[in-house]
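Novice: Have a look; sequence and predicted model below, questions after that.
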Amino acid sequence: MQVIIKENYDEMSKEAAQIIRDAIHLKPNLVLGLATGSTPVGTYKELIRMYEEGELDFSKVVTFNLDEYVGLPPNHDQSYHYFMHDKLFNHININPANVHVPSGIAKDFAKYCQWYEDEIKKAGGIDLQVLGIGSDGHIGFNEPGTSLASRTSLVTLTEETIRDNSRFFEKEEDVPRFAITMGVGTIMEAKCCLLLANGEKKADPVSVLVEGPITSQVTASALQMHPNAIVIVDKAAASKLKRVDYYKWAYENRPRF
Ligand code: PGA
């Protein structure tokens with residue numbers, strides 16, 4: 001796992017956008033896994049800037065989002081469909097046919113989840129998966145206790161996640177109780193995982209993700225078993241890590257050959 005510690009949110013976002021840009025330059029038809037939440041918003045802003053300045057072409061990029069609330073139609077302003085269009089897709093030259101966000105209003109969820117998995121496979125698998133981390137350590141909506149081998153499925157959110165996300169809704173009762181999410185096993189099949197975290201609230205889950213035992217109680221810790229995981233954190237989110245000096249030293253002295 002490569003741990004990159006940045007001074008602040010802006011620096012974290014810029015570093016993440018550069019990694020995504022370089023991946024698209026190497027492979028214009030990159031299969032890019034995307035995340036929602038407040039963490040990646042700065043990265044998406046930076047990608048939009050790169051597109052506007054002619055540094056990036058999304059015309060062949062294929063995207064798969066991690067998750068969606070159950071019960072919210074795509075035009076609901078708190079749905080992740082809406083979020084992704086608002087924060088990224090409406091501002092870049094992505095082909096709408098190449099965009100995949102799980103449906104929160106599928107009729108048969110089991111069938112739909114299998115279809116989503118099949119679509120990822122048909123696209124050749126995810127090359128680069130962007131991830132946030134929940135204050136309870138989740139990736140996607142894989143809450144504590146989820147099997148680290150889980151596949152795309154319908155899940156129940158924790159009270160902590162409902163509370164965390166209630167800031168986007170009028171009242172806590174409006175936050176959906178269920179979601180559809182790529183599984184930990186699905187995420188682990190991405191060729192590269194890029195997890196972003198900022199702020200003090202993420203210091204505890206980040207410390208387990210990077211230095212704790214691998215446990216289904218913090219599903220992000222599965223990334224310790226991923227052959228190509230990059231974790232970019234700001235100083236506040238890194239504040240409970242024990243080996244900060246080494247991570248900084250290893251980053252500064254990373255092999256460039
Ligand atoms: P946040 O959410 O980016 O809004 O903190 C992260 C997550 O729940 O994965």
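Specialist: Noted; the coordinates are in hand.

Novice: List phi and psi for the residue in the chain that the ligand sits nearest to.
Specialist: Using CB to the nearest ligand atom, residue 37 is the residue of the chain that sits closest to the ligand, at 2.7 Å. The way it works is simple: take the backbone N, C-alpha and C, and place the C-beta from them, glycine included. Backbone torsions of residue 37, given as degrees, to the nearest 10, read phi 100, psi 170.

Novice: which residues touch it?
Specialist: Residues in contact with residue 37 (CB atoms under 8 Å, 6 or more residues apart in numbering) are residue 132.

Novice: and it, what pLDDT?
Specialist: At residue 37, the predicted lDDT confidence score is 96.

Novice: again with residue 254
Specialist: Per the predicted model, pLDDT is 90 at residue 254.

Novice: Tell me the spacing between it and residue 23.
Specialist: 17 Å (CB to CB, to the nearest Å).

Novice: And these two? Which one has more around it.
Specialist: Neighbour totals were compared for residue 254 and residue 23, and residue 23 leads with 17 against 9 (other CB atoms under 10 Å).

Novice: Give the rounded mean pLDDT of the stretch of helix or strand the more buried one belongs to.
Specialist: Using DSSP states H and E, residue 23 falls within helix 9-26. Mean pLDDT, helix 9-26: 98.

Novice: ok, which stretches of this structure are helices?
Specialist: All helices of the chain, identified by DSSP state H, fall at 9-26, 41-52, 80-87, 109-122, 159-165, 184-188, 203-211, 244-252.

Novice: Which strands or helices does the last one pack on?
Specialist: Identification of packing neighbours for helix 244-252 by 3 or more CB pairs under 8 Å, 6 or more residues apart in numbering; DSSP states H and E yields strand 2-6.

Novice: Can you list the neighbours in contact with the strand it packs on?
Specialist: Contacts for strand 2-6 (CB under 8 Å, 6+ apart): 12, 15, 210, 229-235, 238, 241, 244, 247-248, 250-251, 254.

Novice: can you rerun that using 6 Å?
Specialist: 12, 15, 210, 230-234, 238, 247-248, 251 (CB atoms under 6 Å, 6 or more residues apart in numbering).

Novice: Next, the angle helix 9-26 makes with it.
Specialist: Put simply, strand 2-6 runs at 130 degrees to helix 9-26, going by axes from the mean of the first three to the mean of the last three CA atoms, to 10 degrees.

Novice: and residue 204, how many neighbours does it have?
Specialist: Residue 204 has 17 nearby residues by other CB under 10 Å.

Novice: The spatially closest residue to it that is not a sequence neighbour and residue 219, how far apart?
Specialist: With sequence-adjacent residues excluded and distances taken as CB to CB, 6 or more residues apart in numbering, residue 204 is closest to residue 240, at 6.2 Å. Per CB to CB, residue 240 is found 18 Å from residue 219.

Novice: related to what we said a few turns ago, so which elements touch the helix holding residue 23?
Specialist: helix 41-52, strand 229-234 (3 or more CB pairs under 6 Å, 6 or more residues apart in numbering; DSSP states H and E).

Novice: And that helix, what's buried?
Specialist: Residues of helix 9-26 classed as buried by neighbour count (16 or more other CB atoms under 10 Å): 9, 11-17, 19-21, 23-24.

Novice: Let's have those residues in CSV, adding distance to residue 32.
Specialist: Formatted as CSV, the buried residues of helix 9-26 follow (distance: CB to CB, whole Å):
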residue, distance to residue 32
9, 21
11, 22
12, 18
13, 16
14, 18
15, 16
16, 12
17, 12
19, 11
20, 7
21, 11
23, 8
24, 8
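
Novice: which one among these gets closest to residue 192?
Specialist: residue 23 (7.5 Å; CB to CB).
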